[in-house]
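**Student:** Predicted model and sequence below, questions to follow.
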Amino acid sequence: MTFPTGSLQFVAAFTLLITSTGTSKAQNTTVDFNRDVRPILSNNCFQCHGPDEKTRKGKLRLDTREGALELAVVPGKPDASSLVARLTAKDAEEVMPPAKTGKKLTPREVEILTRWVKEGANYSQHWAYVKPVRPAVPDIRDPKYVVRNPIDAFVAARLIKDKLTPQPEADKYTLARRVALDLTGLPPTREEVEVFVKDASPEAYEKFVDQLLAKPAFGEHFARLWLDLARYADSAGYADDPARTIWKYRDYVINSYNSNKPFDRFTVEQIAGDLLPNPTTEQLIATAFHRNTMTNSEGGTNDEEFRNVAVVDRVNTTYMVWMGTSMACAQCHTHKYDPITQKEYFGSFAFLNNTADADRPDESPTLPFWTDEQLERKAELDSLVIDLEDLLKSKKPTEWKAERDRLAALKKDQAALKPSTSVPIMKELTGPQRRKTRLQFRGNFLDLGDEITEGVPAAFPPLPKDAPKTRLEFARWLVSAENPLTARVVANRFWEQLFGTGIVRTSEEFGTQGELPSHPELLDFLAVDLQTDWNVKRLLKLMVMSAAYRQSAKVTPEMFERDPENRLLARGPRVRLSAEMVRDQALSAAGLLSPKLLGPSVKPPQPNLGVSAAFGGSIDWQTSAGEDKFRRGIYTQWRRSNPYPSMSTFDAPNRDTCIVRRARTNTPLQALVTMNDPVYVEAAQGLARRMMEKGGATPAEKVTYGLQACLVRPPTAAEVERLVKLHADAKAKFARDAAKATQFATVPLGPLPKGVDATDAAAWTVVANVLLNLDEMLMKR
Amino acid sequence: MNPRLHNLQAVTRRHFLESSSLGLGGLAMAQLGGQAADNPRADDDPLKPRKPHFPATAKRVIYLHMSGAPPHLDLLDYKPELVRHDGENCPDEYLKGKRFAFTSGVPKLLGTKQPFKQRGRSGIWMSDAIKPLHEVADDVTVIRSMKTDEFNHAPAELLLYTGFARQGRPSLGAWTCYGLGSESENLPGFVVLISNGVQPSGGQGCWGSGFLPSVYQGVQCRSKGEPVLYLSDPPGMDRDMRRLGLDAMKDLNEIQEKELGHPETRTRISQYELAFRMQLSATEVMDISREPAKILDSYGAKPGAGSFANNCLLARRLVESGVRYVQLFDWGWDFHGTNPNEDIREGLTKKGTTTAQSVAALIKDLKNRDMLKDTLVIWGGEFGRTPFREGRTAGGQVLGRDHYPDCFSLMLAGGGIKAGHTHGESDDLGFKVGSDLVHIHDLQATIQHCLGFDHTRLTHRFQGRDYRLTDVHGKVVKGILA
């Protein structure tokens, strides 16, 4: 299919034409069904005249051309079409949509529908359900538009159309910080930046990017996004919210990103790794993806009910994560907007309805892990037991008492041997254990209808002919070349990470209720490109190498007014850092961040709330010791009922369910965190000590060092001067109260190094606290 | 600062505003023209006060939640028939096809042991376990025909506060601030207070913002220790020193703003100033030692305690300072009969009397300040308790009841609710609603109605669907509106 270009701006331009010069000019452009008509019908009509037969009014359906032509539309003849008559009816009883729905079409919308009927009332399939094809890359000749790779050609084509010019490339310091934060979640080190800035070769930036992609921090950063989707948490949820051991899955995700595992393999391992031939340990751990659903251990609950809830969550999450499709509606009734019936919902449900887990408190089945010593001991015990049993086999029960006692003791030891850790996994039921799936009326697991077998919705491409209807085939179908959605959805999500907003802004919704892409051809280009080898690092590199990404983020009021969200990319991206990045960056600037990778979750300092769950234990925890106190945010223990408070204030979700897009708020409570949370006070103290020790002799040099450590750029004279003054003012004040100075310089980090003046250190801590709170620190620049 | 740029801050919030059903997007855009440049409540402030769909009878809400679910049959719903059949086997018709949290087999009917009488001029039935409430009988409405769908604490609480029995949806308080904003510039719009630090089973989901922006989530304040997380300056830093730092921060941020031209920077500057003010005002408002002894005594409040009494008094102080919605949770109402504190005789009288004193004091206090008329006060649990003895403890000395969702009672006052009124009734033995059923979704619709909202139109689009507190249900209970 060919995409309409300039969808967003077109609508606005169209409005202008109608309001300023009447309708004559607007008629020069043909109405496009997907771009112009479907959103109006979907938002205003489909609820009663859509795919859902049960709630359809007056037997009229407007989501198909046949339906519309049967009752309401005469192509080419708006005057003879009851659709138009009802939309424009003066009589309150007649007019559509009915007043009680609270919906009302604007004159522009009526005009569009009228013209659409006049032009033949043509329908076309929803754009996202049509397989993407590689579009021709626009040929950009104007030297004002730098084209470094195909991304830029698509972006420039759109800018040219809108008569906009891009910003020049950002300076090297800005670029270094931006791309390091985007690819690793951490600012670059001083040394890395200096090498990059001094490297005058044309490949300097590419070398810098390659280094970042090769860092283990890359996997830690991108795993965070995936863990939101996977609803990963270290607790089981619901009322008691008991601890859950599942961190091996988190490590699997980090390792997969770091080894640049192709996304199709990453997919199949997580959905059905257990069904692969001779699955490896890694592939089994991967299946914990769908064991991140909540488990309910409250009294009197029906395990089958909550097992069912978990399967529903698995269906919804799978479609949301891979296909940007909200299936949740179809659990209870046929989807009102998208062509998905309730029966089809349970077809997908059936793929996921036959695993052995069943809302049990012990989370079985799990995969145990043993250390080498444990394995040795286990083997030793096993062989001793077998030998003894052999020996005793021929003896009477009354004989050989000592040996019998010894056997009992050995068996006890065997049972006492617990694995070092474990991870819940998926395990397919076989034979008579297998469950039958039946349709659940209104989503009620007790109110059952016909038996339903595995299948995918008819609106999507079918499973390969003759393929077995298994979870493994379902997983492969998600990443098959025929699937129109997955590659688009995945590419769009990575784009959103780097540019702040997706090409499709509703990254969680690609159905008819989602928004249209700002650059449809670009999205298809990226999707088709990704599908060739599902190489994630290559895709990310392509994006960060583009001129669009490398632009300065500067903006004029006029330009901001025109494109506040930077959808057209006439400037570089500038958005707030995620909760984890805010924390990691502060610890990094302070020189406190631990580089330790992987392993069990840790408990950094959090305020003692003196609070306990209604039936569960205390919510407070004992802070981890040593460097575990300063690990990256991704390793922080994630308790669903009480997410780590400072990260939650920065919009980290509780991960009860799949979250595609985090909010990015800007609130006073966030200011309280970065000003007062002991974690950040400690970081300020660490940074202050670094400035004093390494910054140089004069206050101006120390300030320069601090600014550079935080902002990754040489500061301006005005900035240095202002902070030198702050230091002097604060020092003069602390000089009058030595006790306060000592407190502020040492609690909680600990005593100052020998010979360091507490008054001076306290004043530098005030400066460091300001540095860590600067707008520039909290934002990509 | 360029005033045009300042006004453009509004546009950065467009994403949120567009999703709102109130048409705020259009409103904010329309105001772009002539707003004073230094107005601290910028148009894009998501908590700026807003008008509801129609004139409201309640401007604010105080919700007193008795976590665990009070035994309504021993407090508000008098069932003489049940007393008559006390100790008899529970008729099979009430057990068939039912599941209970801790009861199986055939339990014994349990009539109340509490003396009941009609109270006030209005003659509302109340037991002696809540004596202090007798004095405000003519100010309240009691609903005796409540019904919920859930019989476990967490899902029932989530259903009550979010309209859905599982985590993930915005809570009543979040919806309220989403619709109305907050009148306070120095305090959060939605505050949560929890007696003695025991959270409700539903956890933070009961005051979460779900898929609404997180500015709408409830902020837990404490009557003991630091009133808001991270509110206090770190040890060694005083107010003057903080001011020094903030002034430098502002200067540096303004350099940044000039260089890049992003309005978000201006928002950040004002949020830091708000945080600075909040440090002071939240500390002040949470300090009940400023109250006269007479008031403290009437509530039973003691400065420094983490009690329900303190929280009731704080609720009044908070709404007085412009907080829109205050949510209290008081644990200890799960009267199973597993220990003497959970006995529906003396245990209940003790719990009931202490807490009723504070509730009555709150109602009177609000009335004296002429605030009850537009403050909606709600008292109740997440469900009711069975008309029979709980199964596990049936052999013991202590009398308790199991969880019960099919029929229970709730009390409301002020904010456009009838004074001295009883709504609905249960059947003779208290098993089913006899008349005028009020489902949880109906209660939610009614609360939103009092706040001036058509519950079907206060919506937010998320993942392709318009969500609302009442899901696809809810009818306003006209019978309790004044």
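**Tutor:** Done, it's in. Numbers count the residues shown, from 1 in each chain, chains lettered A, B, ... in the order given.
**Student:** okay, CA-based contacts and neighbour counts for the rest of this
**Tutor:** OK.
**Student:** Could you pull out the helices in the stretch 251-400 of chain B for me?
**Tutor:** B:263-285, B:293-299, B:308-320, B:346-368 (DSSP state H, counting those that start in this stretch).
**Student:** and the residue in the stretch 101-250 of chain A that chain B sits nearest to, how many neighbours does it have?
**Tutor:** Nearest residue of the stretch 101-250 of chain A to chain B: A:A239, at 5.0 Å (Cα to the nearest Cα). Applying other Cα atoms under 10 Å in any protein chain shown, we find 23 other residues in the vicinity of A:A239.
**Student:** Got the phi and psi for it?
**Tutor:** Main-chain torsions, A:A239, degrees, to the nearest 10: phi -60, psi -50.
**Student:** swap in the one 4 residues further on?
**Tutor:** Here is the backbone geometry of A:A243 (degrees, to the nearest 10): phi -60, psi 150.
**Student:** so who does the residue lying closest to it once chain neighbours are set aside touch?
**Tutor:** Distance criterion Cα to Cα, 6 or more residues apart in numbering or on different chains; nearest residue to A:A243, sequence neighbours excluded, is A:S235 at 4.2 Å. Neighbour list for A:S235: A:D241, A:P242, A:A243, A:R244, A:T245, A:W638, A:R639, A:R640 [criterion: Cα atoms under 8 Å, 6 or more residues apart in numbering or on different chains].
**Student:** Could you report the pLDDT at A:S235?
**Tutor:** Predicted confidence (pLDDT) for A:S235: 92.
**Student:** any idea how far it lies from A:P643?
**Tutor:** To A:P643, A:S235 is 10 Å away according to Cα to Cα, to the nearest Å.
**Student:** And A:A586, by the same measure?
**Tutor:** Applying Cα to Cα to A:A586 and A:P643 gives a distance of 20 Å.
**Student:** Between these two, point out the one with more neighbours.
**Tutor:** A:A586 (30 against 19).
**Student:** Quick check: that one touching A:Y680?
**Tutor:** Yes: using Cα atoms under 8 Å, A:A586 is in contact with A:Y680, at 7.0 Å.
**Student:** give me the low-pLDDT residue ranges for chain B?
**Tutor:** Low-confidence segments of chain B, defined by pLDDT under 70, span residues B:1-45, B:214, B:463-464.
**Student:** And it, what are its domain boundaries?
**Tutor:** Domain ranges of chain B: B:1-44, B:46-227+B:286-480, B:234-285, per automatic domain parsing.
**Student:** Would you mind listing the residues in contact with the most centrally placed residue in chain A?
**Tutor:** Centroid-nearest residue in chain A, with Cα atoms, centre = their mean: A:L225, separated by 3.9 Å. Contacts for A:L225 (Cα under 8 Å, 6+ apart) come out as none.
**Student:** Could you rerun that using 10 Å?
**Tutor:** A:L225 sits next to A:R493, A:F494, A:Q497, A:S578, A:I659, A:V660, A:R661, A:R662 when contact means Cα atoms under 10 Å, 6 or more residues apart in numbering or on different chains.
**Student:** What separation is there between it and A:D182?
**Tutor:** 12 Å.
**Student:** what's the overlap in contacts for the two?
**Tutor:** A:Q497.
**Student:** hmm, back to that, spit out the residues that contact A:S235 and A:P643 alike.
**Tutor:** Taking Cα under 10 Å, 6+ apart as the criterion, A:S235 and A:P643 both touch A:Q637.
**Student:** sorry, back to before: B:P132: which of the contacts of A:S235 is nearest?
**Tutor:** Each of the contacts of A:S235 was scored against B:P132 by Cα to Cα, and A:D241 proved nearest at 37.1 Å.
**Student:** In this structure that closest one contacts A:P643, no?
**Tutor:** No: applying Cα atoms under 10 Å as the test, A:D241 and A:P643 come out as separate, 11.4 Å apart.
**Student:** Give the residues shared as contacts by these two.
**Tutor:** The contact sets of A:D241 and A:P643 do not overlap (Cα under 10 Å, 6+ apart).
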